[in-house]
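*Asks:* What would the 3D arrangement of this be:
(2 chains)
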2 protein chains.
Amino acid sequence: MGSGATDRTGPRPTLDAIARQASVSLATVSKVLNGRAGVSGPTRERVERLLAASGYAQRDRPPEPGSLVELVVEDLASEWSIEIVRGVEAVARAHGYALSLSALGPDHAVGEDWITGVLHRRPAAIVLQFSALTAGRRDQLRARGIPFTVVDPVGDPPADVPVVGATNTAGGAAATRHLLDLGHRRIAAVAGPLDMRCAVDRSAGHRAALAAAGLEARPGSVVVARFSRADGERAARVLLTADPRPTAIVTGNDLQALGVLDAAAAVGLRVPQDLSVVGFDDVAPARWARPALTTVRQPLQEMAAQATRMALRQHGAGDGAADPARVELATSLVVRDSTAAPGVGAEVGPPVRSHPVADRRA
Amino acid sequence: MGSGATDRTGPRPTLDAIARQASVSLATVSKVLNGRAGVSGPTRERVERLLAASGYAQRDRPPEPGSLVELVVEDLASEWSIEIVRGVEAVARAHGYALSLSALGPDHAVGEDWITGVLHRRPAAIVLQFSALTAGRRDQLRARGIPFTVVDPVGDPPADVPVVGATNTAGGAAATRHLLDLGHRRIAAVAGPLDMRCAVDRSAGHRAALAAAGLEARPGSVVVARFSRADGERAARVLLTADPRPTAIVTGNDLQALGVLDAAAAVGLRVPQDLSVVGFDDVAPARWARPALTTVRQPLQEMAAQATRMALRQHGAGDGAADPARVELATSLVVRDSTAAPGVGAEVGPPVRSHPVADRRA
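*Replies:* Below you'll find the model as predicted:
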């Protein structure tokens, strides 16, 4: 289905118009629409294609009982994956599909077993959390008319697959702008791995917000770390040795932010009185943390829901091919208890040129 | 399949012995075992039954590609449900099955759509998080030879379904014993809803451990609350007004314990220096909390894995019926940062008779 149909919001053509287009009777269109017998194969196919293109297929016909939407997630231990399961499951259920869920094994790749199983299960559509499906696998699925989309929280889209992502750069900027608005000027950053697009984008947003306020990232004020609590803590311990020390730290994700809370507690700093901390993603741990994390919400459930709807619309179109498309959903700042105005003694230091690490982004 | 076969650990009969039992040739047994054609229906069924009873079916034959294990959870928003998804998915994948996942809607019941879908999907086995399947639904599944088991974290087992639970009474006792061992004597409790078996059992364990130490629950030292953070906080605020106030609080689950942390922070008590807190379940928020929660681990993933294995063994047996069985996995104390010896001024008060609320348990 073309992206034009995906985005179609206007009125649908009438069944009469479709009958005329297909050169068949209205009764024939009705039979095809309702899955009844008495229509030749080629005619049924022609009518189905027209119905699908006009939005009837996905809106009016419930799926066969027992039909599946397949979701492949990276690792059920990850909070990211869980949010995506929630989003896909809700849309699948709403449309009358059961969810078939696969998690990747320790090798983090789909294997021959998976593709064999999928071709037997014949799900109506597949949603992938990650972008690691090889071109060969994509061709196998396309050849069988099984549409698929990618929900991509890390921002590494393949060239020819519909992807739902998030506005990471804007999110990174919002985090830093929130701190600037509170009066912070010495804002350090724990950045995620620079081989991940989302980390690069969030970090770029941070620097752009500083620049817009006439500030620059100081030398040593950005430390790159992996997306884990332990790595966040290690990075924060380095940042907090700076003199003068930062009054606020933005991070690449919530796990890193939890690590910053750990580091602050370890050196006797109170959050938010002595140090403000902002996470990214708004996964469950951000809400459980004490203080609860101010964070930038990446709408993972909504992204997953959107990817599911896109895949199901392709299914309705009946040919499994799709125009390449990237959809980005908006991130949003969620203010909780880990940020406040800087305390006494948090005067503005002189801005200096940005740190080489942060400059690795082209 | 009988529970004898479920627990069978001895050597299997040879294929020769099965051929003799079924009065067929070894070649015929081999054909049936490998799913090849050329065997009449009744003969195939007889041989399959013997193969299944002897353990061949589930041990040697990989499932058909695309085969499913179905899991029904109450609500994907709950940490309990997520742990169960993880446990079932791991075992399903290890056995070559994909997981088909259904979450109940807002009405918290499986509907006609679900049963229709299941009968079309024909999963090899079904695992249910809850016990709410009606007798009629159970009969429908049994009539189709689809085996099912229940993983039951709340302890409300149906009469005739294999259930995997946890040792809640022992867990409740372990929590209180841990505090007694640290030197606490004024130990209060937030108990879960008394219409939930697990809450009653955990509370009974608490009182038993006190009794074994020559203590009793004081009036007002047990407050019943729902399994939520907000309710845990409200209950703790009541408990902390006692004079002398408790030096430790055990809870019915981790969410309640997080609420106790909130209440302690609100009235300026440090955990664990001024107040020790013990949770129950060891779901993810217990690890994210600050301080990280000492808690009683209910092994939800292992319980789910066990329920999946039990259901798949019934599938191997080929008749979908099972002897009733209840399996309880052990709970275990996980000591983290929310418990310590009572601080100065935490002397033992006189034990008095237990509070009426705690006595509502028969």
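*Asks:* For the one helix or strand residue A:189 maps to, name the packing helices and strands.
*Replies:* Assessed by DSSP states H and E, residue A:189 sits inside strand A:187-191. Strand A:187-191 sits against helix A:168-182, helix A:197-212, strand A:222-224, helix A:229-239, strand A:248-251, helix A:254-266, with contacts defined as 3 or more CB pairs under 8 Å, 6 or more residues apart in numbering or on different chains; DSSP states H and E. Quick note: C-beta positions are derived from backbone N, CA and C, even for glycine.
*Asks:* buried residues in the first one?
*Replies:* It refers to helix A:168-182. Residues of helix A:168-182 classed as buried by neighbour count (16 or more other CB atoms under 10 Å in any protein chain shown): A:168-180, A:182.
*Asks:* Equivalent analysis for the shortest one, please.
*Replies:* Going by neighbour count (16+ other CB under 10 Å), the buried part of strand A:222-224 is A:222-224.
*Asks:* what does the domain assignment say about chain A?
*Replies:* A:3-60, A:68-166+A:300-331, A:168-297+A:334-360 (automatic domain parsing).
*Asks:* Pipe those domains into JSON lines and attach mean pLDDT per row.
*Replies:* Listed next are the domains of chain A as JSON lines, based on pLDDT from 0 to 100:
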{"stretch": "domain A:3-60", "mean pLDDT": "69"}
{"stretch": "domain A:68-166+A:300-331", "mean pLDDT": "84"}
{"stretch": "domain A:168-297+A:334-360", "mean pLDDT": "89"}
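*Asks:* Need the max-distance pair from the buried residues of helix A:168-182.
*Replies:* A:168 and A:182 (22.0 Å; CB to CB).
*Asks:* residues making contact with the strand holding residue A:189?
*Replies:* Strand A:187-191 is contacted from outside by A:176, A:179-180, A:199, A:202-203, A:206, A:210, A:215, A:217, A:221-225, A:232, A:235-236, A:239, A:242, A:246-252, A:256-257, A:259-260, A:357-358, using CB atoms under 8 Å, 6 or more residues apart in numbering or on different chains.
*Asks:* again, 7 Å this time
*Replies:* Residues from elsewhere that reach strand A:187-191 (CB atoms under 7 Å, 6 or more residues apart in numbering or on different chains): A:176, A:179, A:199, A:203, A:206, A:210, A:217, A:221-225, A:232, A:235-236, A:239, A:246, A:248-252, A:256, A:260, A:358.
*Asks:* relative orientation of that strand and helix A:197-212 in degrees?
*Replies:* 170 degrees (axes from the mean of the first three to the mean of the last three CA atoms, to 10 degrees).
*Asks:* returning to what we had before: tell me the one of the buried residues of strand A:222-224 nearest residue A:75?
*Replies:* residue A:224 (22.4 Å).
*Asks:* so how far is residue B:139 from the residue nearest to the closest one when sequence neighbours are not counted?
*Replies:* Nearest-residue entry for residue A:224: residue A:191, 4.9 Å, with adjacent residues in sequence omitted and distances by CB to CB, 6 or more residues apart in numbering or on different chains. Per CB to CB, to the nearest Å, residue A:191 is found 58 Å from residue B:139.
*Asks:* Which one's more surrounded, these two?
*Replies:* residue A:191 (29 against 10; other CB atoms under 10 Å in any protein chain shown).
*Asks:* any chance you could map the helices in chain A?
*Replies:* Assigned by DSSP state H, chain A shows helices spanning A:3-6, A:15-22, A:26-33, A:41-53, A:56-60, A:79-94, A:112-121, A:135-143, A:168-182, A:197-212, A:229-239, A:254-266, A:284-288, A:300-317.
*Asks:* To residue B:278, which of the ones you listed lies closest?
*Replies:* helix A:284-288 (17.0 Å).
*Asks:* And the contacts of the closest one?
*Replies:* A:79, A:254, A:258, A:279, A:293, A:295, B:258, B:284-285, B:288-289.
*Asks:* Could you rerun that using 6 Å?
*Replies:* A:79, A:254, A:279, A:293, A:295, B:285, B:288 (CB atoms under 6 Å, 6 or more residues apart in numbering or on different chains).
*Asks:* correct me, but the third one touches residue A:256?
*Replies:* No - with contact defined as CB atoms under 6 Å, residue A:279 and residue A:256 do not form a contacting pair (7.4 Å).
*Asks:* ok, the two, which is more surrounded?
*Replies:* residue A:256 (33 against 30).
*Asks:* I'd assumed residue A:232 was in contact with the more buried one.
*Replies:* Yes - if you go by CB under 6 Å, residue A:256 and residue A:232 touch, sitting 3.2 Å apart.
*Asks:* Near chain B, which residues of the stretch 251-362 of chain A are found?
*Replies:* A:285, A:288, A:290 (CB under 6 Å from any CB of the partner chain).
*Asks:* Just the buried ones from those residues, in PyMOL syntax?
*Replies:* To isolate the buried ones among those in PyMOL, judged by 16+ other CB under 10 Å, type:
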select buried, chain A and resi 285+288+290
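*Asks:* ok so, going back, right, and the domains of chain A - which one's nearest residue B:31?
*Replies:* domain A:68-166+A:300-331 (21.8 Å).
*Asks:* chain center to the closest one: distance?
*Replies:* Its chain's average C-alpha position is 12 Å from that of domain A:68-166+A:300-331, according to CA atoms, centre = their mean, to the nearest Å.
*Asks:* Stretch A:255-272 too?
*Replies:* Taking CA atoms, centre = their mean, the mean C-alpha location of stretch A:255-272 is offset from the chain mean by 27 Å.
*Asks:* tell me which residues in it are buried?
*Replies:* Buried residues in stretch A:255-272 (16+ other CB under 10 Å): A:255-264, A:269, A:271-272.
*Asks:* Burial check on residue A:23, number of neighbours?
*Replies:* Residue A:23 - counted by other CB under 10 Å - has 10 other residues nearby.
*Asks:* quick one, phi psi at it?
*Replies:* Per-residue torsions, residue A:23: phi 60, psi 50 (degrees, to the nearest 10).
*Asks:* surely residue A:167 meets residue A:332?
*Replies:* No - with contacts counted by CB under 6 Å, residue A:167 stays clear of residue A:332, the gap being 9.5 Å.
*Asks:* okay, these two: which has more neighbours?
*Replies:* Using other CB under 10 Å, the more surrounded residue of residue A:167 and residue A:332 is residue A:167, with 19 against 16.
*Asks:* Who are the contact partners of the more buried one?
*Replies:* Neighbours of residue A:167 in contact, by CB under 6 Å, 6+ apart: A:328, A:330-331.
*Asks:* Can you select the buried ones among the residues you listed for me in ChimeraX?
*Replies:* The following ChimeraX line selects those of the contacts of residue A:167 that are buried, judged by 16+ other CB under 10 Å:
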select /A:328,331
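*Asks:* List just the nearest of the contacts of residue A:167 to chain B.
*Replies:* Each of the contacts of residue A:167 was scored against chain B by CB to the nearest CB, and residue A:331 proved nearest at 21.4 Å.
*Asks:* Could you find the closest non-adjacent residue to that closest one?
*Replies:* The shortest distance from residue A:331 to any non-neighbouring residue, by CB to CB, 6+ apart, is to residue A:171 (3.3 Å).
*Asks:* do residue A:232 as well
*Replies:* Spatial nearest neighbour of residue A:232, chain neighbours left out: residue A:259 (2.6 Å); criterion: CB to CB, 6+ apart.
*Asks:* okay but the one you found is in contact with residue A:235, surely?
*Replies:* No - the pair residue A:259 / residue A:235 is not scored as a contact, 7.3 Å apart, by CB under 6 Å.
*Asks:* what residues are shared contacts of these two?
*Replies:* Residues within reach of residue A:259 and of residue A:235 at once, by CB under 6 Å, 6+ apart: there are none.
*Asks:* Any chance you could list what contacts stretch A:115-130?
*Replies:* So stretch A:115-130 is contacted by A:67-74, A:84, A:88, A:147-151, A:307-308, A:311-312, A:315, B:65-66, B:98 (CB under 6 Å, 6+ apart).
*Asks:* what residues does the stretch 51-200 of chain A put near chain B?
*Replies:* Counting by CB under 6 Å from any CB, the stretch 51-200 of chain A sits next to chain B at A:65-66, A:76, A:82, A:86, A:89, A:98-103, A:116-117, A:120-121.
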